[in-house]
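1. heads up, no residue letters with this:
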């Protein structure tokens with residue numbers, strides 16, 4: 001039945017529902033705005049953390065979890081506080097020097113929280129403006145571990161631009177690391193790998209920092225390794241170089257066939273011109289008499305400083321040893 005103004009009951013119900021829906025949406029939007037604003041404000045609160053302590057105690061585990069809870073008072077944004085209060089208690093990663101740790105006996109150690117306040121502030125990462133630390137000290141258990149020093153092996157995936165090459169092997173600093181773990185496990189480890197050092201289109205020296213590939217139940221004395229690689233531009237050339245025999249006794253003669261070979265080499269990009277007499281290719285008599293084969297690989301005894309790499313064609317030469325006849 002239509003009302004006096006021509007609006008049916010069904011139309012009025014629809015209008016009422018629409019108005020209620022708009023009201024609820026407005027309230028929800030207002031709540032969201034209020035919540036965002038509230039969470040952006042700073043509040044002074046007590047916060048609790050588990051602490052994972054890292055240090056370099058000689059002959060012991062590199063990390064230990066606190067047996068106590070670290071309680072601090074500070075100011076932080078509502079977002080951070082909410083994240084800390086939801087779910088499990090968060091763990092703070094704190095690194096301290098060995099001198100800050102007190103040995104209580106056996107594997108038990110302790111740290112005075114006030115003495116490592118700056119380390120705690122660093123671990124908080126600016127999320128909390130620390131007022132004071134409620135906990136006086138924290139206890140830790142650092143069990144004894146076997147240790148061994150092993151070399152670090154670089155794992156690389158480096159692609160050089162055209163006519164560029166490395167001068168030497170990639171340099172790592174440090175080039176070795178102390179590893180800690182169960183004695184039986186440590187005995188099986190002879191080296192550790194870096195994470196892949198990846199570069200594309202390299203046309204000059206490179207350097208950076210990389211991590212080490214983790215090994216389960218093994219700790220390292222270093223987490224990050226500095227690497228550097230000297231890369232230069234080169235040009236490629238070839239020269240015919242005579243092959244000489246050296247250190248041959250006076251009563252003998254060592255004949256080399258062929259008497260010259262092609263030396264293909266890469267050198268630093270420059271305007272310097274090299275001649276065959278800048279190189280010395282030789283067969284050493286002492287090496288020849290040690291081999292049962294007449295074929296030898298010539299040795300590059302002398303070369304200019306700018307030569308980076310080389311190869312010889314043919315690679316082998318034939319050697320014939322003759323006795324010199326006595327002159328009467």
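-> Right, received. Where do you want to start? Worth saying up front: this structure is predicted, and the values here are computed from it rather than measured.
2. make it CA atoms for all contacts and neighbour counts henceforth
-> Fine.
3. what's the helix or strand hosting residue 286 in contact with?
-> Using DSSP states H and E, residue 286 sits within helix 285-288. Here helix 285-288 makes contact (C-alpha atoms under 8 Å, 6 or more residues apart in numbering) with 245, 246, 247, 248, 254, 294, 296.
4. before we move on, what about stretch 233-242?
-> Residues from elsewhere that reach stretch 233-242 (C-alpha under 8 Å, 6+ apart): 163-165, 203-204, 259-269, 275-277, 279-281.
5. which PyMOL command selects the buried ones in those residues?
-> Buried members of these, identified by 16 or more other C-alpha atoms under 10 Å, are gathered into one PyMOL selection as follows:
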select buried, resi 164+165+203+260+261+263+265+266+267+268+279+280+281
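6. just the buried members of the contacts of helix 285-288?
-> Burial by neighbour count, judged by 16+ other C-alpha under 10 Å, picks out 245, 254, 296 from the contacts of helix 285-288.
7. let's see which of the residues you listed end up in strands.
-> Counting by DSSP state E, the part of these found in strands is 245, 254, 296.
8. could you dump those residues into JSON lines with distance to residue 111 added?
-> Output for these, formatted as JSON lines (distance: C-alpha to C-alpha, whole Å):
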{"residue": "245", "distance to residue 111": "72"}
{"residue": "254", "distance to residue 111": "76"}
{"residue": "296", "distance to residue 111": "68"}
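9. OK, contacts around the residue most central in space within the chain?
-> The centre of the chain sits closest to residue 210, judged by C-alpha atoms, centre = their mean, with a distance of 1.8 Å. By C-alpha under 8 Å, 6+ apart, the contact set of residue 210 is 194, 195, 197, 224, 225, 226, 227.
10. neighbours around the first one, how many?
-> Spelled out, that is residue 194. For residue 194, the count of nearby residues is 19 (other C-alpha atoms under 10 Å).
11. distance of it relative to residue 179?
-> Relative to residue 179, residue 194 is positioned 14 Å away (C-alpha to C-alpha, to the nearest Å).
12. for the fourth one, same thing?
-> With the distance defined as C-alpha to C-alpha, residue 224 ends up 14 Å from residue 179.
13. more crowded one of those two?
-> residue 179 (24 against 15).
14. name the element the more buried one belongs to?
-> Counting by DSSP H and E, the element that carries residue 179 is strand 176-181.
15. alright, I will stop here.
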